[in-house]
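A.B. asks: This is a predicted model, with the sequence first.
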Amino acid sequence: MSDRSGYTLIELLVTVIIIAVISGLAINNYIRALQTGYERDIIMQIRMMQNALEIEERTTGSYPIANLNDRASINTALKLQIPDNNFFSSYQYTYFSGSGTPYYVIQVTTTSGWAVSYDHSTQRYYCSSSTCPTCTATSCS
């Protein structure tokens, strides 16, 4: 009878495989939670822009007529201080309100390719891609 102590190669392989599967699940959930956080951040920034637009409309009687495609010009036009992009993802901001239209559209796009938009005419948030974490093409939860 041999008196060897230790683990067999099979036992070690099974342990490593179990750890790898659990890690894969955890990383997937972490990435999904991070994307959901980005989406909530975008919706919060859009709501901040909405509030500024409503104040502008009540003050001047109309929404600013513009087609703005960057954070700095939106900050200037709406008198906001939207912070620079967060550490992990860059956002591209778009605001559009045409001449004679009583509505506006705000869209924030991430470098991942998905975007959350708010259409004032329908008063709905929606996702312009199928890869949004919680928003869909017709609504955000």
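C.D. replies: Perfect, I can see it now. Only a predicted model underlies this, so the values are computations on that prediction, with no experimental measurement involved. Residues are numbered from 1 along each chain as shown.

A.B. asks: Per-residue pLDDT of the residue positioned nearest the centre of the chain, please?
C.D. replies: With distances taken as CA atoms, centre = their mean, the residue of the chain nearest its centroid is Glu39 (2.8 Å). Model confidence at Glu39, given as pLDDT, is 82.

A.B. asks: mind listing what it touches?
C.D. replies: 116, 132-135, 140 (CB atoms under 8 Å, 6 or more residues apart in numbering). Where C-beta positions appear, they are placed from N, C-alpha and C, glycine not excepted.

A.B. asks: Determine the next helix or strand in the C-terminal direction from the host helix or strand of it.
C.D. replies: Mapping Glu39 onto the secondary structure by DSSP states H and E places it in helix 9-60. Downstream of helix 9-60, the first helix or strand assigned by DSSP H and E is strand 66-68.

A.B. asks: Can you give the distance of that following strand from its chain's centre?
C.D. replies: The chain centroid and the centroid of strand 66-68 are separated by 21 Å under CA atoms, centre = their mean, to the nearest Å.

A.B. asks: which residues sit against that strand?
C.D. replies: Here strand 66-68 has contacts from 73-74, 77, 93-97, using CB under 8 Å, 6+ apart.

A.B. asks: Show me what counts as buried in that strand.
C.D. replies: Leu68 (16 or more other CB atoms under 10 Å).

A.B. asks: tell me the mean pLDDT for that strand?
C.D. replies: 81.

A.B. asks: What helices and strands are in contact with whatever helix or strand comes next after that strand?
C.D. replies: Later in the chain than strand 66-68, the nearest helix or strand by DSSP H and E is helix 71-78. Applying 3 or more CB pairs under 8 Å, 6 or more residues apart in numbering; DSSP states H and E, we find helix 71-78 packed against helix 9-60, strand 66-68, strand 91-97.

A.B. asks: quick one: helix 71-78 to helix 9-60, angle?
C.D. replies: 30 degrees (axes from the mean of the first three to the mean of the last three CA atoms, to 10 degrees).

A.B. asks: change the start of the numbering to 5 and stick with it
C.D. replies: Will do, 5 is the new start, and the previous item becomes helix 75-82.

A.B. asks: Now helix 75-82 - C-alpha only, CSV.
C.D. replies: This file holds the C-alpha atoms of helix 75-82, laid out as CSV (Å, rounded to 0.1, in the frame of the first residue of the first chain):
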residue,chain,number,x,y,z
ARG,A,75,-21.2,67.9,-24.6
ALA,A,76,-19.6,71.3,-24.6
SER,A,77,-22.1,72.9,-27.0
ILE,A,78,-25.0,71.4,-25.1
ASN,A,79,-23.6,72.7,-21.8
THR,A,80,-23.3,76.2,-23.3
ALA,A,81,-26.7,76.2,-25.0
LEU,A,82,-28.6,74.8,-22.0
